[in-house]
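need a 3D model of the sequence below.
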Amino acid sequence: MTKAEKLAHINTLLPPCLQVLNTKVLDFDNEALTCELAFDVSEQFCHSVNVVQGGNVTVMLDAAMSHAAFVTADDIAGLPSLEIKVSFLEPTLAGPVKARGRVVKMGRSTAFLEGTLINGEGKVSARSTATAKVVRRERGVYAA
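Predicted coordinates for the structure are as follows:
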């Protein structure tokens, strides 16, 4: 499968919680263990004066971090978060937003991840780190 085909396939598998944020997986790098997502966030996800609520910022960062793991390791079936820390640096407003996720270290059962959210002005609006449990597929089970 080519990279373009894999991106197209990944974008057909996005869960509803990401679909409502108009998410698109833009790119990934298997060597750097990174993934970049774009969002077009509507005002329904804002708490006041067009500022995206922090929980929704966390959703976008979590999605970028977990996708970095999913697209670079075909045997991952699930990646439940054990802990997430988010630092809010600038306001994230409704509109276009990008998130970059990176696998810092992938073990057999634990992954260490980090993410960066870039607001519509091109400024880093939030950073995150996470620890996740790696749930692997059984051998012989098809990996999407």
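
which residue ranges of this protein form strands?
Along the chain, the stretches classed as strands by DSSP state E are 24-29, 34-41, 46-48, 51-52, 76-78, 81-88, 95-106, 110-118, 124-133, 135-136.

residue nearest the centroid of this protein?
By C-alpha atoms, centre = their mean, the chain has its centre lying nearest to residue 64, at 1.4 Å.

roughly how far apart are it and residue 137?
22 Å (C-beta to C-beta, to the nearest Å). Any C-beta I mention is one placed from the backbone N, CA and C, and that applies to glycine too.

could you give me the buried positions within the helix ranked longest in the chain?
Ranked by residue count, the top helix of the chain under DSSP state H comes out as helix 54-72. Buried residues in helix 54-72, counted by 16 or more other C-beta atoms under 10 Å: 56-72.

ditto for stretch 91-100
Buried residues in stretch 91-100 (16+ other C-beta under 10 Å): 92-94, 97-100.

kindly report the same for stretch 124-131.
125-126, 128-130.

now that stretch, how far from the chain's geometric center?
Computed by C-alpha atoms, centre = their mean, to the nearest Å, the chain-centroid distance of stretch 124-131 equals 10 Å.

and the lowest-mean-pLDDT helix or strand in the chain, which strands flank it?
When the helices and strands of the chain are scored by mean pLDDT, DSSP states H and E, strand 46-48 comes last with a mean of 89. Strand pairing for strand 46-48, determined by DSSP bridges: strand 51-52 (antiparallel).

what mean pLDDT does the partner strand have?
Mean pLDDT, strand 51-52: 96.

got it, and stretch 100-119?
In the prediction, stretch 100-119 has an average pLDDT of 97.

ok, now stretch 18-33?
What stretch 18-33 shows for mean pLDDT is 96.

can I get the CA coordinates of that stretch in PDB?
Coordinates of each C-alpha in stretch 18-33 appear next as PDB, following Å, rounded to 0.1, in the frame of the first residue of the first chain:
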ATOM      1  CA  LEU A  18     -13.000  13.100  15.200                       C
ATOM      2  CA  GLN A  19     -15.400  13.400  12.300                       C
ATOM      3  CA  VAL A  20     -17.400  16.100  14.100                       C
ATOM      4  CA  LEU A  21     -14.200  18.100  14.400                       C
ATOM      5  CA  ASN A  22     -13.800  17.800  10.600                       C
ATOM      6  CA  THR A  23     -10.500  15.900  11.100                       C
ATOM      7  CA  LYS A  24      -8.200  14.800   8.300                       C
ATOM      8  CA  VAL A  25      -4.900  12.900   8.700                       C
ATOM      9  CA  LEU A  26      -2.500  14.900   6.500                       C
ATOM     10  CA  ASP A  27       0.800  13.100   6.800                       C
ATOM     11  CA  PHE A  28       2.800  10.600   8.800                       C
ATOM     12  CA  ASP A  29       6.500   9.600   8.900                       C
ATOM     13  CA  ASN A  30       7.300   6.000   9.900                       C
ATOM     14  CA  GLU A  31      10.900   6.800  10.600                       C
ATOM     15  CA  ALA A  32      10.300   9.800  12.700                       C
ATOM     16  CA  LEU A  33       7.200   8.200  14.300                       C
END
